[in-house]
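# coords please:
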Amino acid sequence: TNTRAKELAARGAPEGTLVVSETQNQGRGRKGREWFSPPKTGIYASIILRPLIPPVGAAKITLLTAVAVTEALRSLIPLGITIKWPNDILINGRKVAGILTEISTEMDAIEYMVVGLGINVNTVVFPAIIRGEATSIRREAGKPFPRAEILRSYLKHFEELYETFNLTGFNPILRRWKEL
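Residues are numbered from 1 along each chain as shown. You can find the predicted model right below:
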(Lines give C-alpha, C1' and ligand atoms only; values in the text may rest on other atoms or scores of the structure.)
Protein backbone atom coordinates (compact mmCIF):
# COMPACT_ATOMS: atom_id res chain seq x y z
CA THR A 1 0.00 0.00 0.00
CA ASN A 2 2.93 2.35 0.62
CA THR A 3 4.20 1.85 -2.93
CA ARG A 4 0.78 2.69 -4.40
CA ALA A 5 0.32 5.65 -2.04
CA LYS A 6 3.74 7.06 -3.00
CA GLU A 7 2.79 6.82 -6.69
CA LEU A 8 -0.45 8.70 -5.99
CA ALA A 9 1.30 11.30 -3.80
CA ALA A 10 3.93 11.97 -6.47
CA ARG A 11 1.07 12.68 -8.90
CA GLY A 12 -0.48 15.19 -6.49
CA ALA A 13 -3.01 13.15 -4.51
CA PRO A 14 -4.30 15.27 -1.61
CA GLU A 15 -3.50 14.83 2.05
CA GLY A 16 -5.75 12.24 3.61
CA THR A 17 -5.82 9.93 0.58
CA LEU A 18 -6.14 6.39 1.90
CA VAL A 19 -4.94 3.23 0.15
CA VAL A 20 -6.28 -0.07 1.50
CA SER A 21 -5.63 -3.58 0.22
CA GLU A 22 -7.09 -7.02 0.95
CA THR A 23 -3.60 -8.54 0.63
CA GLN A 24 -0.06 -7.54 -0.28
CA ASN A 25 2.40 -9.51 -2.38
CA GLN A 26 5.34 -7.37 -1.30
CA GLY A 27 4.36 -6.13 2.15
CA ARG A 28 7.36 -4.63 3.91
CA GLY A 29 8.46 -3.09 7.13
CA ARG A 30 11.49 -1.14 8.27
CA LYS A 31 14.92 -2.02 6.90
CA GLY A 32 13.37 -3.96 4.01
CA ARG A 33 11.85 -6.62 6.25
CA GLU A 34 8.89 -8.49 4.80
CA TRP A 35 5.41 -8.05 6.28
CA PHE A 36 3.27 -11.18 6.13
CA SER A 37 0.02 -10.08 4.45
CA PRO A 38 -2.35 -13.01 3.87
CA PRO A 39 -5.62 -12.28 2.02
CA LYS A 40 -8.64 -10.96 3.91
CA THR A 41 -7.20 -11.44 7.41
CA GLY A 42 -5.38 -8.20 8.17
CA ILE A 43 -5.49 -4.48 7.67
CA TYR A 44 -3.02 -3.15 5.12
CA ALA A 45 -3.45 0.60 4.75
CA SER A 46 -1.44 3.72 3.92
CA ILE A 47 -2.32 7.39 4.33
CA ILE A 48 -0.83 10.26 2.34
CA LEU A 49 0.09 13.28 4.45
CA ARG A 50 1.50 16.67 3.54
CA PRO A 51 2.49 18.09 6.95
CA LEU A 52 4.04 21.53 7.19
CA ILE A 53 7.04 20.33 9.21
CA PRO A 54 10.74 19.96 8.42
CA PRO A 55 11.99 16.47 7.45
CA VAL A 56 13.66 16.09 10.85
CA GLY A 57 10.16 16.07 12.40
CA ALA A 58 8.94 13.09 10.36
CA ALA A 59 9.56 10.63 13.21
CA LYS A 60 6.88 12.43 15.22
CA ILE A 61 4.27 11.20 12.74
CA THR A 62 5.36 7.60 13.30
CA LEU A 63 4.94 8.04 17.06
CA LEU A 64 1.57 9.75 16.52
CA THR A 65 0.49 6.78 14.40
CA ALA A 66 1.59 4.33 17.09
CA VAL A 67 -0.57 6.16 19.63
CA ALA A 68 -3.54 6.19 17.22
CA VAL A 69 -3.28 2.44 16.56
CA THR A 70 -2.87 1.58 20.22
CA GLU A 71 -5.75 3.80 21.32
CA ALA A 72 -7.96 2.37 18.56
CA LEU A 73 -7.24 -1.22 19.54
CA ARG A 74 -7.60 -0.51 23.26
CA SER A 75 -11.01 1.06 22.64
CA LEU A 76 -12.24 -2.17 21.02
CA ILE A 77 -10.30 -4.99 22.63
CA PRO A 78 -9.50 -5.40 26.35
CA LEU A 79 -5.99 -6.83 25.91
CA GLY A 80 -2.50 -5.78 27.04
CA ILE A 81 -1.71 -3.53 24.04
CA THR A 82 1.52 -1.52 24.16
CA ILE A 83 3.97 0.32 21.90
CA LYS A 84 7.50 -0.94 21.28
CA TRP A 85 9.94 1.65 19.99
CA PRO A 86 9.79 2.88 17.33
CA ASN A 87 7.03 1.41 15.23
CA ASP A 88 5.66 -1.86 16.62
CA ILE A 89 2.39 -2.49 18.45
CA LEU A 90 2.38 -5.46 20.81
CA ILE A 91 -0.27 -7.56 22.50
CA ASN A 92 1.08 -9.43 25.51
CA GLY A 93 4.63 -8.86 24.23
CA ARG A 94 4.04 -10.16 20.68
CA LYS A 95 3.87 -8.03 17.53
CA VAL A 96 0.35 -7.43 16.23
CA ALA A 97 0.97 -4.34 14.09
CA GLY A 98 3.76 -2.43 12.40
CA ILE A 99 4.12 1.08 11.01
CA LEU A 100 6.23 2.11 8.01
CA THR A 101 6.65 5.84 7.40
CA GLU A 102 8.29 7.03 4.19
CA ILE A 103 8.89 10.60 3.06
CA SER A 104 9.73 12.59 -0.03
CA THR A 105 11.49 15.87 0.64
CA GLU A 106 12.34 19.07 -1.18
CA MET A 107 15.39 20.75 0.32
CA ASP A 108 14.18 21.58 3.84
CA ALA A 109 10.48 20.67 3.52
CA ILE A 110 8.43 17.51 3.30
CA GLU A 111 6.77 17.14 -0.09
CA TYR A 112 4.67 14.22 1.17
CA MET A 113 4.68 11.43 3.72
CA VAL A 114 3.16 8.00 3.45
CA VAL A 115 2.25 6.28 6.71
CA GLY A 116 1.71 2.56 6.20
CA LEU A 117 0.08 0.27 8.73
CA GLY A 118 -0.23 -3.49 8.89
CA ILE A 119 -2.39 -5.08 11.58
CA ASN A 120 -2.74 -8.82 12.06
CA VAL A 121 -6.45 -9.01 12.76
CA ASN A 122 -7.77 -12.49 11.97
CA THR A 123 -4.54 -14.24 10.99
CA VAL A 124 -4.40 -17.73 12.48
CA VAL A 125 -1.22 -19.28 11.04
CA PHE A 126 2.09 -17.44 10.67
CA PRO A 127 5.26 -18.49 8.81
CA ALA A 128 7.72 -20.39 11.02
CA ILE A 129 10.27 -17.56 10.95
CA ILE A 130 7.91 -15.15 12.77
CA ARG A 131 5.59 -17.55 14.58
CA GLY A 132 7.18 -16.97 18.00
CA GLU A 133 7.11 -13.19 17.87
CA ALA A 134 3.97 -12.39 15.84
CA THR A 135 0.36 -12.63 16.90
CA SER A 136 -3.07 -11.48 15.80
CA ILE A 137 -6.05 -9.97 17.53
CA ARG A 138 -7.97 -13.17 16.85
CA ARG A 139 -5.27 -15.36 18.43
CA GLU A 140 -5.07 -13.20 21.53
CA ALA A 141 -8.80 -12.59 21.98
CA GLY A 142 -9.93 -16.06 20.94
CA LYS A 143 -12.43 -14.82 18.37
CA PRO A 144 -12.47 -13.04 14.99
CA PHE A 145 -12.91 -9.28 14.71
CA PRO A 146 -14.41 -7.13 11.95
CA ARG A 147 -11.54 -5.47 10.12
CA ALA A 148 -13.66 -2.52 8.98
CA GLU A 149 -14.49 -1.63 12.58
CA ILE A 150 -10.80 -1.67 13.55
CA LEU A 151 -9.80 0.41 10.50
CA ARG A 152 -12.58 2.92 11.23
CA SER A 153 -11.44 3.27 14.85
CA TYR A 154 -7.80 3.71 13.79
CA LEU A 155 -8.69 6.41 11.25
CA LYS A 156 -10.83 8.26 13.82
CA HIS A 157 -8.01 8.24 16.38
CA PHE A 158 -5.42 9.16 13.77
CA GLU A 159 -7.44 12.13 12.54
CA GLU A 160 -7.98 13.42 16.08
CA LEU A 161 -4.28 13.13 16.95
CA TYR A 162 -3.14 14.64 13.65
CA GLU A 163 -5.43 17.60 14.25
CA THR A 164 -4.02 17.97 17.79
CA PHE A 165 -0.49 17.83 16.34
CA ASN A 166 -1.28 20.55 13.81
CA LEU A 167 -3.09 22.82 16.28
CA THR A 168 -1.23 22.42 19.59
CA GLY A 169 2.00 20.60 18.76
CA PHE A 170 3.56 17.28 19.61
CA ASN A 171 3.90 17.42 23.43
CA PRO A 172 0.48 15.94 24.35
CA ILE A 173 1.04 13.10 21.88
CA LEU A 174 4.55 12.44 23.18
CA ARG A 175 3.22 12.24 26.75
CA ARG A 176 0.64 9.65 25.75
CA TRP A 177 3.20 7.73 23.66
CA LYS A 178 5.44 7.46 26.74
CA GLU A 179 2.51 6.14 28.80
CA LEU A 180 1.77 3.47 26.22
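
# show me the shaky parts of this protein.
Across the chain, the ranges flagged by pLDDT under 70 are 24-37.

# which stretches of it form helices?
Remark: helices assigned in the chain by DSSP state H are 2-10, 58-76, 137-141, 147-168, 171-179.

# quick check: which of these is buried the most?
Of these, the one with the most neighbours on average (mean count of other CB atoms under 10 Å) is helix 58-76, at a mean of 21. All C-beta spots, glycine's among them, are computed from the backbone N, C-alpha and C.

# report the angle between that helix and helix 147-168.
130 degrees (axes from the mean of the first three to the mean of the last three CA atoms, to 10 degrees).

# and the helices of the chain as TSV, adding distance to residue 44?
Formatted as TSV, these follow (distance: least, CB to CB, whole Å):
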stretch	distance to residue 44
helix 2-10	9
helix 58-76	13
helix 137-141	14
helix 147-168	10
helix 171-179	23
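
# for residue 104, which of the ones you listed is the nearest?
Residue 104 lies closest to helix 2-10 among those, at 7.0 Å (CB to CB).

# could you say what helices and strands the closest one packs with?
Packing contacts for helix 2-10, counted by 3 or more CB pairs under 8 Å, 6 or more residues apart in numbering; DSSP states H and E, involve strand 18-21, strand 42-49, strand 94-106, strand 109-120.

# cool, thanks, talk later.
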